[in-house]
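Asker: pasting the sequence and the predicted coordinates here, then a few questions.
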Amino acid sequence: MSELTFGADRRGVSTPVVHALTLGITAILVILLVGTRVRSSPIRRSSRPETS
């Protein structure tokens, strides 16, 4: 993380922009990970009442 910000800073990119991009990317990754985990977890499925 710090390496990425340092490299981008050296190139002349403003630090707030880099931080915003890093936060956005990490947020997207976390959402994707949580989504796939919830979707594939059998505990969630079994705890949900079966209406069908």
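Answerer: Here it is on my side, so go on. In this text, all values refer to a predicted model and were calculated from it rather than measured experimentally.

Asker: any buried residues in the biggest helix by length in the chain, and which?
Answerer: Longest helix of the chain, by residue count under DSSP state H: helix 15-40. Within helix 15-40, the residues that qualify as buried are V18, counting by 16 or more other Cβ atoms under 10 Å. Yep, even glycine has a C-beta here, placed from its N, CA and C like the rest.

Asker: and it, what other elements does it pack with?
Answerer: Under the contact criterion of 3 or more Cβ pairs under 8 Å, 6 or more residues apart in numbering; DSSP states H and E, helix 15-40 touches helix 2-11.

Asker: go with 10 Å
Answerer: Packing partners of helix 15-40 (3 or more Cβ pairs under 10 Å, 6 or more residues apart in numbering; DSSP states H and E): helix 2-11, helix 42-47.

Asker: which of these has the lowest mean pLDDT?
Answerer: Sorting these by mean pLDDT places helix 2-11 lowest, at a mean of 56.

Asker: before we move on, the earlier item: give the rounded mean pLDDT of the longest helix of the chain.
Answerer: 87.

Asker: how near is R39 to T26?
Answerer: Going from R39 to T26 by Cβ to Cβ, to the nearest Å gives 20 Å.

Asker: now S40
Answerer: From S40 to T26 the distance is 21 Å (Cβ to Cβ).

Asker: again, but for V38
Answerer: When distance is defined by Cβ to Cβ, V38 is 18 Å away from T26.
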